[in-house]
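[1] Pasting the sequence and the predicted model now:
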Amino acid sequence: MVKRKGNDVMIDLNYITERIKDSEKKRGWDNTTTNELLSRIGEEIGIIKRTTDKDILDNKVTDVFILSLQLAIRNNVNLESEFRKHVENWDKKYPVIE
(Lines give C-alpha, C1' and ligand atoms only; values in the text may rest on other atoms or scores of the structure.)
Protein backbone atom coordinates (compact mmCIF):
# COMPACT_ATOMS: atom_id res chain seq x y z
CA MET A 1 0.00 0.00 0.00
CA VAL A 2 1.22 3.49 -0.81
CA LYS A 3 0.30 6.33 1.54
CA ARG A 4 1.04 10.02 1.34
CA LYS A 5 1.85 12.11 4.38
CA GLY A 6 2.52 15.65 3.25
CA ASN A 7 5.34 15.44 0.73
CA ASP A 8 6.46 12.04 2.01
CA VAL A 9 5.42 8.76 0.44
CA MET A 10 5.15 5.79 2.76
CA ILE A 11 5.16 2.33 1.20
CA ASP A 12 4.17 -0.82 3.08
CA LEU A 13 6.89 -3.50 3.21
CA ASN A 14 4.48 -6.23 2.14
CA TYR A 15 3.46 -4.11 -0.86
CA ILE A 16 7.11 -3.69 -1.86
CA THR A 17 7.75 -7.42 -1.43
CA GLU A 18 4.79 -8.34 -3.63
CA ARG A 19 5.90 -5.85 -6.29
CA ILE A 20 9.40 -7.36 -6.29
CA LYS A 21 8.02 -10.91 -6.52
CA ASP A 22 5.84 -9.89 -9.47
CA SER A 23 8.69 -8.05 -11.18
CA GLU A 24 11.08 -10.99 -10.70
CA LYS A 25 8.61 -13.45 -12.15
CA LYS A 26 7.87 -11.27 -15.21
CA ARG A 27 11.60 -10.91 -15.93
CA GLY A 28 12.57 -14.51 -15.16
CA TRP A 29 14.68 -13.45 -12.21
CA ASP A 30 12.81 -15.56 -9.67
CA ASN A 31 15.40 -18.34 -9.97
CA THR A 32 18.35 -16.15 -9.01
CA THR A 33 20.30 -18.05 -6.35
CA THR A 34 21.21 -16.83 -2.90
CA ASN A 35 24.90 -16.79 -3.89
CA GLU A 36 24.16 -14.69 -6.99
CA LEU A 37 22.19 -12.21 -4.89
CA LEU A 38 24.95 -12.02 -2.28
CA SER A 39 27.51 -11.42 -5.00
CA ARG A 40 25.44 -8.60 -6.46
CA ILE A 41 24.96 -7.06 -3.01
CA GLY A 42 28.75 -7.15 -2.55
CA GLU A 43 29.26 -5.43 -5.91
CA GLU A 44 26.80 -2.68 -5.02
CA ILE A 45 28.39 -2.15 -1.59
CA GLY A 46 31.79 -1.85 -3.30
CA ILE A 47 30.41 0.96 -5.46
CA ILE A 48 28.87 2.63 -2.40
CA LYS A 49 32.24 2.56 -0.62
CA ARG A 50 33.96 4.27 -3.55
CA THR A 51 31.43 6.90 -4.54
CA THR A 52 31.14 10.50 -3.46
CA ASP A 53 28.23 11.20 -5.81
CA LYS A 54 24.90 11.53 -3.95
CA ASP A 55 22.81 10.33 -6.91
CA ILE A 56 24.93 7.20 -7.28
CA LEU A 57 24.80 6.61 -3.53
CA ASP A 58 20.99 6.90 -3.50
CA ASN A 59 20.69 4.52 -6.45
CA LYS A 60 23.08 1.91 -5.05
CA VAL A 61 21.58 1.95 -1.54
CA THR A 62 18.20 1.34 -3.18
CA ASP A 63 19.74 -1.52 -5.20
CA VAL A 64 21.06 -3.08 -1.97
CA PHE A 65 17.62 -2.72 -0.38
CA ILE A 66 15.90 -4.43 -3.32
CA LEU A 67 18.53 -7.17 -3.52
CA SER A 68 18.16 -7.75 0.24
CA LEU A 69 14.41 -8.10 -0.20
CA GLN A 70 15.03 -10.57 -3.02
CA LEU A 71 17.33 -12.51 -0.70
CA ALA A 72 14.63 -12.58 1.97
CA ILE A 73 12.03 -13.73 -0.56
CA ARG A 74 14.31 -16.49 -1.86
CA ASN A 75 14.91 -17.76 1.67
CA ASN A 76 11.34 -17.37 2.96
CA VAL A 77 12.26 -14.78 5.57
CA ASN A 78 9.23 -13.01 7.04
CA LEU A 79 10.76 -9.55 7.24
CA GLU A 80 7.87 -7.97 9.10
CA SER A 81 8.06 -10.55 11.89
CA GLU A 82 11.86 -10.54 11.97
CA PHE A 83 11.97 -6.74 12.06
CA ARG A 84 9.63 -6.67 15.05
CA LYS A 85 11.78 -9.24 16.90
CA HIS A 86 14.93 -7.31 16.02
CA VAL A 87 13.55 -4.03 17.37
CA GLU A 88 12.41 -5.75 20.57
CA ASN A 89 15.93 -7.13 21.01
CA TRP A 90 17.40 -3.67 20.38
CA ASP A 91 15.14 -2.22 23.04
CA LYS A 92 16.29 -4.85 25.56
CA LYS A 93 19.97 -4.74 24.61
CA TYR A 94 20.24 -0.96 24.14
CA PRO A 95 17.72 0.76 26.42
CA VAL A 96 17.03 4.42 25.77
CA ILE A 97 18.93 6.67 28.13
CA GLU A 98 16.95 9.70 29.24
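    It's in.
[2] where in the chain is pLDDT low?
    1-7, 9 (pLDDT under 70).
[3] need the longest helix for it.
    helix 54-74 (DSSP state H).
[4] which residues touch that helix?
    With contacts defined as C-beta atoms under 8 Å, 6 or more residues apart in numbering, helix 54-74 is touched by 16-17, 20-21, 24, 29, 32-34, 37-38, 40-41, 44-45, 47-48, 51, 77, 79. Placement of C-beta: from N, CA and C, glycine included.
[5] Centre-most residue in the chain?
    Phe65 (2.9 Å; C-alpha atoms, centre = their mean).
[6] thinking again about what came up before, from the contacts of helix 54-74, which would you call buried?
    Among these, those classed as buried by 16 or more other C-beta atoms under 10 Å are 16-17, 20, 24, 32, 37, 40-41, 44, 79.
[7] Relative to the whole chain's centre, how far out is stretch 52-70?
    9 Å (C-alpha atoms, centre = their mean, to the nearest Å).
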